[in-house]
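Chemist: structure for this input, please:
(2 chains)
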Amino acid sequence: MKKKISMILFVLILGSILTFVLIGVNYYTKPIIEKNEAIKIKSRVMDAFGISYNIDDIEKVFSENVKIETENNVKYYFTENNEISFEITGNGLWGPITGILALKPDLETIKGITLIHQEETPGLGGRIAEKEYLSSFKDKKIIPKLEIVSPGKAIKENEVDGITGATMTSKAFEELINNQAQKYISNLKRN
Amino acid sequence: MPIKFKKLLYVKSVRIIIDRLWRDNPIFSMCLGVCSALAVTNKVENAIAMGVGVTFVLVASSVIISFLRKLISSRIRMIIYMVTISTFVIVVDRLLKAFFPSISEAIGPYIGLIITNCLIMGRADAFAIKNEVRYSALDGLASGIGYSYTLIIISIIREVLAFGSVLGMKVTPEWWTNWVVMAMAPGAFFVLSIFLWITRNMAKIQPEK
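Modeler: A predicted model of the protein is given here:
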């Protein structure tokens, strides 16, 4: 009996000590991680708009060039030229994908797309996060519908090449962009 | 061989290092941690980050468990391993997120899987629980390095074949066609099994009868 109690006590004590270690690490890293996240979103918004910046002056360039307006808890980012961007989220093949979609003032043409988070297979679906790939979305029409077609087959102005070996991810990404764009564009037009 | 050098081979700490790096290598001899060797080795960068992460967790948990080894009763040892290891894994995850956000983004999902890396549990139960702290730390470090260099070799082979690059730098000639299969899980199985075959023969590891 005594042995059992001492075993339980030992687990409890060790558990609490380690928990305190974790609390300490969390307390120490939380502000840094939050700052990283905020900077990351700002840099992705500027990437999507095609605004150039240096790593050291992200905050400054952002506040000079981009205005934020919040409506129904959705953040819209505007530039001086009336270009607009917003966060898009949805499911990829393996996990959630979030990114920033920037549109030209006509609300039909893509200015740029950047990704904040994705969990697709590295080297295959994961290539949707590559700059070279995302830049192929530039100047494509999102109205009535953007289409991701077999690699090398994109001709029309609403067609983008898919990724070799990642058909499912390409499909999921296409659906995500269309769903989110339609949702936010109709919200924007109503106002 | 000079006698001094020969004697060195029988010193326990030297023995530990040589064995973990070669004859008792975690991956090709003990076959521990194979799942992560398959998962993260399609790019050298990922393999290095995973190796560093696992080595850190391995050393830290070995030290703690070895330090507490006289207090841990054998009936609860598994739960103690799990609690200790998962604490250090969370620490690694937070530190990567805070200081190396880009690496954390690349291998983030796999960091959590360090907890289930059988190598760490294996070393804790096979070595740290019955050896002194300094030997356990050395065992953790040497096992970690043995694990990391294997991962790096496999990832170099896979990255060259799959992307024609090493650490993102192009190394293959113009006419090279990338082997998409090498970036995927099947490619990992091919490379790892050929690698096991060659190294096990070189190290003269015989299956136990």
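Chemist: up against chain A, what does chain B have?
Modeler: With Cβ under 8 Å from any Cβ of the partner chain as the criterion, chain B meets chain A at residues B:42-43, B:46, B:68, B:71-73, B:75-76, B:79-80, B:83-84, B:87, B:90-91, B:94-95, B:97-99, B:101, B:105-106, B:109, B:162-163, B:180, B:183-184. No exception for glycine: its C-beta is placed from N, CA and C like everyone else's.
Chemist: does chain B sit close to stretch A:41-54?
Modeler: No - under the criterion of Cβ under 8 Å from any Cβ, stretch A:41-54 makes no contact with chain B; the nearest approach is 10.9 Å.
Chemist: for that stretch, which outside residues touch it?
Modeler: Outside stretch A:41-54, the residues that touch it by Cβ atoms under 8 Å, 6 or more residues apart in numbering or on different chains are A:58-59, A:61-62, A:65-66, A:77, A:79, A:83, A:85, A:87, A:99-102, A:111-116, A:131.
Chemist: for it, buried residues please.
Modeler: Residues of stretch A:41-54 classed as buried by neighbour count (16 or more other Cβ atoms under 10 Å in any protein chain shown): A:41-49, A:51, A:53.
Chemist: for the residue nearest the centre of chain A, which non-adjacent residue is closest in space?
Modeler: Note on chain A: the residue nearest the mean C-alpha position is residue A:99, at 2.2 Å, using Cα atoms, centre = their mean. Among residues not flanking residue A:99 along the chain, residue A:115 sits closest, at 4.1 Å (Cβ to Cβ, 6 or more residues apart in numbering or on different chains).
Chemist: pairing partners for the strand or helix carrying the residue nearest to the centre of chain A, with directions?
Modeler: In this assignment (DSSP states H and E), residue A:99 forms part of strand A:96-103. As defined by DSSP bridges, the strand partners of strand A:96-103 come to strand A:84-91 (antiparallel), strand A:110-117 (antiparallel).
Chemist: quick one: mean pLDDT over the longest helix along chain B.
Modeler: If you go by DSSP state H, chain B has its longest helix at helix B:133-163. Averaged over helix B:133-163, pLDDT sits at 91.
Chemist: same check, this time on stretch A:101-113
Modeler: Average pLDDT, stretch A:101-113: 88.
Chemist: and if you look at stretch A:159-175?
Modeler: On average, the pLDDT along stretch A:159-175 is 88.
Chemist: buried set for it?
Modeler: By neighbour count with 16+ other Cβ under 10 Å, stretch A:159-175 contains the buried residues A:160-163, A:165-167, A:169-170, A:172-174.
Chemist: for stretch A:19-31, same thing?
Modeler: Buried residues in stretch A:19-31, counted by 16+ other Cβ under 10 Å: A:25, A:29.
Chemist: quick one, the longest helix anywhere in chain A and strand A:110-117 angle?
Modeler: With secondary structure taken from DSSP H, chain A has its longest helix at helix A:2-49. Counting by axes from the mean of the first three to the mean of the last three Cα atoms, to 10 degrees, helix A:2-49 lies at 170 degrees to strand A:110-117.
Chemist: chain center to helix A:2-49, what's the gap?
Modeler: Remark: helix A:2-49 is offset 23 Å from the chain centroid, using Cα atoms, centre = their mean, to the nearest Å.
Chemist: and after it, which helix or strand comes next?
Modeler: With elements assigned by DSSP H and E, the helix or strand that comes after helix A:2-49 is helix A:58-65.
Chemist: do that next one and chain B meet?
Modeler: No - in terms of Cβ under 8 Å from any Cβ, no part of helix A:58-65 sits within range of chain B; the closest distance is 13.0 Å.
Chemist: what's that helix packed up against?
Modeler: Applying 3 or more Cβ pairs under 8 Å, 6 or more residues apart in numbering or on different chains; DSSP states H and E, we find helix A:58-65 packed against helix A:2-49.
Chemist: tell me the mean pLDDT over the helix it packs on?
Modeler: Helix A:2-49 comes out with an average pLDDT of 90.
Chemist: next, the angle from it to helix A:58-65.
Modeler: Using the same axes, to 10 degrees: helix A:2-49 against helix A:58-65 is 40 degrees.
Chemist: can you list contacts of the helix or strand containing residue B:182?
Modeler: In this structure, residue B:182 sits in helix B:180-183 according to DSSP H and E. Residues outside helix B:180-183 that contact it (Cβ under 8 Å, 6+ apart) are A:121-124, A:164-165, B:42, B:158, B:161-163, B:187, B:191.
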